[in-house]
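Participant: mind folding the following:
(chains A, B, C and D)
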Protein chains: 2
Amino acid sequence: MQDRPESSAILQLEAFTPYRLLRAAEEVSRRFARHYKDRHGMTRPEWRTLATIGQFDTITAKQIGSHSSMHKTKISRAVRALEQRRWLERSTDEHDRRIEHLRLTRAGRRAYEELVEIARGFERDLVGRVGSEGFGNLRLGLDAVEAMIHDGSRPR
Amino acid sequence: MQDRPESSAILQLEAFTPYRLLRAAEEVSRRFARHYKDRHGMTRPEWRTLATIGQFDTITAKQIGSHSSMHKTKISRAVRALEQRRWLERSTDEHDRRIEHLRLTRAGRRAYEELVEIARGFERDLVGRVGSEGFGNLRLGLDAVEAMIHDGSRPR
DNA sequence: CGTTATTGGTTTCAGTCGTAACCATCGTTT
DNA sequence: AAACGATGGTTACGACTGAAACCAATAACG
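Facilitator: Numbering: from 1, shown residues only, chains lettered A, B, ... in the order given. A predicted model of the protein is given here:
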């Protein structure tokens, strides 16, 4: 892996923000994933779906999508999986029979609350490892990126 | 999507750092991907591989892996794709015939330099959209996360 | 009304991915 | 030098993914 001799235009991949951002995000997600995989063998879409339903009393698949930015096929599959675990129940809307309202069962609520604790613990631990200053910067940076995303400024 | 009545333990997904981080990273990557997909129909592993080879004069697949944090099967496939485009050439090492040295062809170098410009432009544009303050915070946050990753501190 | 467009949700299909098995070669041990 | 494990790289295979087609139901429009 010798260095390039001429000094024409190169890019330091390890300093390129999109690369750094994705790499950091995947590593953090991977670490967190270990917890819920170990605990219940859940996949990420299932975890996100559970987390979203748990946040509300009842919700529809469509709403899960916009709240957790997941593709609707992922949600459809995750909902089925959670239903088979008997962690959620569906009920068709009375006035619009296309819509299904989802809500957690007793067991689902228990699993959710357990996972909430795990998530909180993970975040605390993350702050500890990253350092509160770095973590604060990260949050401010994410605020800015999210502002851009929601900004209506069309992506290029 | 009514709010939950009782106030037992819940988690705000949209404030949970692993979620925010992955979401931001995927969105940024998605936007950047449009450029190289539009330009040459490249995939992300191909782009990363090209970017890594371009950074050095010659390199092996193994080294690409550790430098760009990609799985070796991705690299194997990406290298083959770039080879078929005639953007890189392999040459077996004289002393160890398992090793293949990779280097860009003239055309590969041209494509690389073009993509470097695109990447630089993208990053400039990103700074503009996110704002230099937010961007600075983001970078400091990423520094901290990377420090944690490389820190040897075993993940939990 | 009847026709057409839209919407919530599911399924199909053609990729992409990573684990694990694999192949060839090298280094080490005996 | 035969046997062993380790290493660089490829391949086979099951799991996962998203685009697009699809289905049922509702809304919009003539």
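Participant: I'd assumed residue A:86 was in contact with residue A:105.
Facilitator: Yes: with contact defined as C-beta atoms under 8 Å, residue A:105 counts as touching residue A:86 (5.9 Å). Yep, even glycine has a C-beta here, placed from its N, CA and C like the rest.
Participant: more neighbours, these two?
Facilitator: residue A:105 (15 against 11; other C-beta atoms under 10 Å in any protein chain shown).
Participant: and the more buried one, what is it in contact with?
Facilitator: Contact analysis of residue A:105 by C-beta atoms under 8 Å, 6 or more residues apart in numbering or on different chains lists A:86, A:87, A:88, A:89.
Participant: could you check how far it is from DNA strand C?
Facilitator: The spacing between residue A:105 and DNA strand C, counted by C-beta to the nearest atom of the strand, to the nearest Å, is 17 Å.
Participant: got it, and residue A:19?
Facilitator: 14 Å.
Participant: I figured that residue hits residue A:11, correct?
Facilitator: No: taking contacts as C-beta under 8 Å, residue A:19 lies outside contact range of residue A:11: 9.5 Å.
Participant: more neighbours, the two?
Facilitator: With neighbours defined as other C-beta under 10 Å, residue A:19 and residue A:11 compare such that residue A:19 has more, 24 against 21.
Participant: how far away is that one from DNA strand D?
Facilitator: Applying C-beta to the nearest atom of the strand to residue A:19 and DNA strand D gives a distance of 19 Å.
Participant: kindly confirm my reading that that residue is in a helix.
Facilitator: Yes: assessed by DSSP: H, G, I helix; E, B strand; the rest coil, residue A:19 belongs to a helix.
Participant: what sits against it?
Facilitator: A:13, B:48, B:68.
Participant: closest to residue A:73 among those?
Facilitator: residue B:48 (26.6 Å; C-beta to C-beta).
Participant: low-confidence ranges, chain A, go.
Facilitator: Where chain A drops to pLDDT under 70, the residues are A:1-8, A:152-154, A:156.
Participant: grab the most central residue of it for me.
Facilitator: Nearest to the mean C-alpha position of chain A, by C-alpha atoms, centre = their mean, lies residue A:48 at 5.6 Å.
Participant: for it, give me its contacts.
Facilitator: By C-beta under 8 Å, 6+ apart, the contact list for residue A:48 reads A:68, A:70, A:78, B:13, B:19.
Participant: what separates it from DNA strand C, distance-wise?
Facilitator: From residue A:48 to DNA strand C the distance is 15 Å (C-beta to the nearest atom of the strand).
Participant: which helix or strand lies directly C-terminal to the helix or strand containing that residue?
Facilitator: Using DSSP states H and E, residue A:48 sits within helix A:44-55. Later in the chain than helix A:44-55, the nearest helix or strand by DSSP H and E is strand A:56-60.
Participant: start and end of stretch A:101-109, how far apart?
Facilitator: 16 Å (C-alpha to C-alpha, to the nearest Å).
Participant: check whether that stretch comes near DNA strand D.
Facilitator: No: counting by C-beta under 7 Å from any atom of the strand, DNA strand D has no neighbours in stretch A:101-109; the shortest distance is 13.8 Å.
Participant: tell me the buried residues in that stretch?
Facilitator: For stretch A:101-109, a neighbour-count test (16 or more other C-beta atoms under 10 Å in any protein chain shown) marks A:101, A:102, A:103, A:104, A:108, A:109 as buried.
Participant: who does the host helix or strand of residue A:109 touch, helix- and strand-wise?
Facilitator: Using DSSP H and E, residue A:109 sits in helix A:106-130. Helix A:106-130 sits against helix A:17-40, helix A:44-55, helix A:132-150, helix B:17-40, helix B:132-150, with contacts defined as 3 or more C-beta pairs under 8 Å, 6 or more residues apart in numbering or on different chains; DSSP states H and E.
Participant: out of those, deepest packed?
Facilitator: helix A:44-55 (a mean of 23; mean count of other C-beta atoms under 10 Å in any protein chain shown).
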